[in-house]
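Participant: Sequence and predicted model, in that order:
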Amino acid sequence: MEDQTNGSVGDVHAEMTPDEAPSAERTAPVAEAQRISALDSLRGLALLGILVMNIPFFAFSGAIWFSPPIAGGFEGLDYATWLGSHLAFDMKMMSIFAMLFGAGIVLFAERSVAKSGRAAGLYYRRMWWLLVIGMIHAYVFWEGDILVLYALCGMVLYPLRFLSARLLIPIGIVMISVVIGLNYGQGKAFEYMQSQSQERARLIEAGEPVPASVEGMAEAWDGTFDEETGELVEEGLSQGFYPEPEDLQKEADALRGSFVDRMAYRAPDVFFMQTFLFFMWGIWRSGGCMALGMALYKTGFLAGKSSTGAYLVSIVAGLGAGIPLILLGVQSNTASGFDTIHQFQVGMSYNYAGSMGVAFAWVGLIMLLCKHGAMDWLTSALANVGRMAFTNYLMQTLICSIIFFGWGFGLFGELTRRQLVPIVLGIWAFQIVFSTLWLSRFRFGPMEWLWRSLTYLRPQAMARR
C-alpha cells in the first residue's frame with residue numbers, strides 16, 4: 001500500500017486552510033480538485049490485483065511460495081488459475097504499489113514545501129504511524145503485511161526525492177537487480193549445506209567420524225534432533241522448504257485454531273520478514289521500485305502526461321519481454337520439480353525480472369485509458385477503490401481472515417485454487433460498491449482519515465460539504 005498523490009494509503013498532498021496566516025502555516029491533505037485521477041485508477045487496479053497474489057497465502061500453507069503444487073491443486077483449472085495469477089499478478093501489483101509510493105514521496109514533499117516551507121518532519125511522522133499500523137496488522141492479523149516494509153523503505157528513500165529522473169532510474173534498476181545476486185548467493189549456500197548433510201549421512205553409514213564443520217552445516221540444513229528420542233528439537237532450513245505432511249498439519253491446526261494460536265505460530269515468520277528478508281529482498285526490490293516511481297512521476301509518466309506512443313510502447317514492450325521470460329521460469333522450475341535451491345540460483349529470477357515488464361504494461365494500459373477517457377466506468381470504479389486503498393487493503397485481510405482462519409469459518413487448506421476465484425471476484429465487487437457508496441458521503445476512507453489525522457495532529461473534516 002502506499003502513501004501517494006491521491007489518497008491511496010492516504011493522501012500525501014498538502015494545502016493550507018483558508019484561515020491560516022503565513023506565520024501559523026499548517027499543512028493539510030490535498031483538496032479533491034487537486035487529485036490526479038489516473039494515479040487513483042492505477043492504485044485501485046493494484047489494490048484489487050494484489051488480492052489475487054495474497055489470497056493463496058491466506059488459504060494454503062506458506063510453503064506454496066517455493067512449491068506451488070504442495071496445496072490447492074495443480075492440474076486442470078487449478079493449474080490454469082495458478083498460471084494466470086503468476087503471469088499477470090504475482091509481484092506485478094507489488095511493483096506498481098511501490099512505484100506509486102515513490103511518486104507519493106516526491107509529491108508529498110513538493111506540496112508540503114510549497115504550502116508551509118517544510119516537509120521532512122511531517123513526512124517522517126506519517127511514516128511512523130504507517131509503521132505502527134503495519135506492526136499491528138502484521139503481528140495481530142496477517143504476516144503478509146506490506147505496510148511495515150513500505151514505511152521503512154519510505155524512511156530510507158526520502159532523501160532521494162531531490163534527485164533527477166536521470167539519476168533515479170539507474171539507481172532503481174541497480175537496487176532491483178541486487179536481489180538476483182543475493183538470491184544466487186543464498187542458493188549456493190543452501191546447496192553447500194545440503195551437500196554437507198549428504199556427506200554426514202555417508203560418513204555415518206560408513207562408520208566414520210563426522211567433522212564438526214560438516215555436522216554444523218548439516219544441522220543448519222536438516223535441523224537438530226534429540227539423540228535419545230530422535231525427535232526434531234530445532235527446525236533446519238529443509239523443513240521450511242520441504243515440509244513433511246506432519247508439518248503441514250501442524251500449520252493447519254494453528255491457523256484453524258484460536259486467535260492466540262495463530263498469532264503465536266506466525267510471530268517468528270513476521271519477525272523474519274521484517275528483519276532478514278527486509279535486508280535481503282524488501283529494501284532492494286521495493287526500494288528500487290520506489291526510486292523508479294519517483295523518476296516516472298517527475299517525467300509525468302505516472303500521471304498520464306506522456307504521449308500515447310510512450311504508453312503503447314510500455315504495453316507492447318512490457319508484455320513482449322515480460323511474458324516470455326516468466327514462461328521460461330515456469331518451464332525451468334517445473335522441470336526441476338520446483339527445487340528450492342534451483343529457484344534461488346536461477347528459477348525465481350525469471351519472474352522477478354519479467355514481473356517488471358508486465359507491471360509497466362499494466363501502468364501503460366491504465367494511463368492510456370485515462371488519457372483518452374476510454375472505459376470511464378472502469379477507471380472511475382478503480383479510482384474509487386484506489387482513493388480508499390488503505391482501508392480496502394486492511395479490509396481484504398479482515399475478510400480473508402474470517403473466511404480462512406479459526407476465528408471465522410476456518411476454511412484454511414480446505415479449498416482449491418479455482419474455488420478461490422469466486423471469492424476474489426466477490427471481494428472485488430464488494431470493495432468497488434463499498435468504496436463508491438462511501439465516497440459519495442465522505443471525503444476519506446476510515447483508515448485514510450485516521451492516518452491523516454494522526455499525521456497532521458488534528459481531526460480531518462470527514463463529511464462532504
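Facilitator: Structure's in. What do you need? What you see is a predicted model, and the numbers here were worked out from it, not measured in a lab.
Participant: wait, residue 157 sits on residue 287?
Facilitator: Yes. Because the distance of 5.7 Å satisfies Cβ atoms under 8 Å, residue 157 is recorded as touching residue 287. Every C-beta, even on glycine, is put in place using the N, C-alpha and C of the backbone.
Participant: what about those two, which has more around it?
Facilitator: Comparing residue 157 with residue 287 by other Cβ atoms under 10 Å, the one with more neighbours is residue 287, at 27 against 24.
Participant: ok, the more buried one to residue 95 distance?
Facilitator: Residue 287 sits 12 Å away from residue 95, going by Cβ to Cβ, to the nearest Å.
Participant: Need the overlap of contacts for the two.
Facilitator: Common neighbours of residue 287 and residue 95 are not found (criterion: Cβ atoms under 8 Å, 6 or more residues apart in numbering).
Participant: What does residue 388 show for phi and psi?
Facilitator: phi -120, psi 30 (degrees, to the nearest 10).
Participant: which is the next helix or strand following the strand or helix carrying residue 427?
Facilitator: Residue 427 belongs to helix 417-441 when assigned by DSSP states H and E. Of the helices and strands lying after helix 417-441 in sequence (DSSP H and E), the nearest is helix 446-456.
Participant: what comes up buried for that following helix?
Facilitator: Neighbour counts over helix 446-456 (16 or more other Cβ atoms under 10 Å) mark 447, 448, 449, 450, 451, 452, 453, 454, 455, 456 as buried.
Participant: Could you list the buried residues of stretch 416-423?
Facilitator: Within stretch 416-423, the residues that count as buried by 16+ other Cβ under 10 Å are 416, 417, 418, 419, 420, 421, 423.
Participant: List of residues touching it?
Facilitator: Residues contacting stretch 416-423 (Cβ under 8 Å, 6+ apart): 55-56, 59, 72-74, 77-82, 403.
Participant: mind giving me a markdown table with these and columns for neighbour count and distance to residue 397?
Facilitator: Below are the contacts of stretch 416-423 laid out as a markdown table (neighbours: other Cβ atoms under 10 Å; distance: Cβ to Cβ, whole Å):
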| residue | neighbour count | distance to residue 397 |
| --- | --- | --- |
| 55 | 23 | 11 |
| 56 | 21 | 14 |
| 59 | 24 | 13 |
| 72 | 22 | 19 |
| 73 | 18 | 24 |
| 74 | 19 | 26 |
| 77 | 13 | 26 |
| 78 | 18 | 24 |
| 79 | 16 | 27 |
| 80 | 12 | 27 |
| 81 | 22 | 21 |
| 82 | 21 | 22 |
| 403 | 19 | 11 |
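Participant: Remind me what the helix or strand of the chain with the lowest mean pLDDT packs against, helices and strands.
Facilitator: The helix or strand of the chain with the lowest confidence, counting by mean pLDDT, DSSP states H and E, is strand 232-235 at a mean of 79. Contact analysis of strand 232-235 by 3 or more Cβ pairs under 8 Å, 6 or more residues apart in numbering; DSSP states H and E lists strand 223-225 as its packing neighbours.
Participant: Off-centre distance for the strand it packs on?
Facilitator: How far strand 223-225 lies from its chain's middle: 33 Å, per Cα atoms, centre = their mean, to the nearest Å.
Participant: Stretch 85-105 now?
Facilitator: Chain-centre distance of stretch 85-105: 7 Å, with Cα atoms, centre = their mean.
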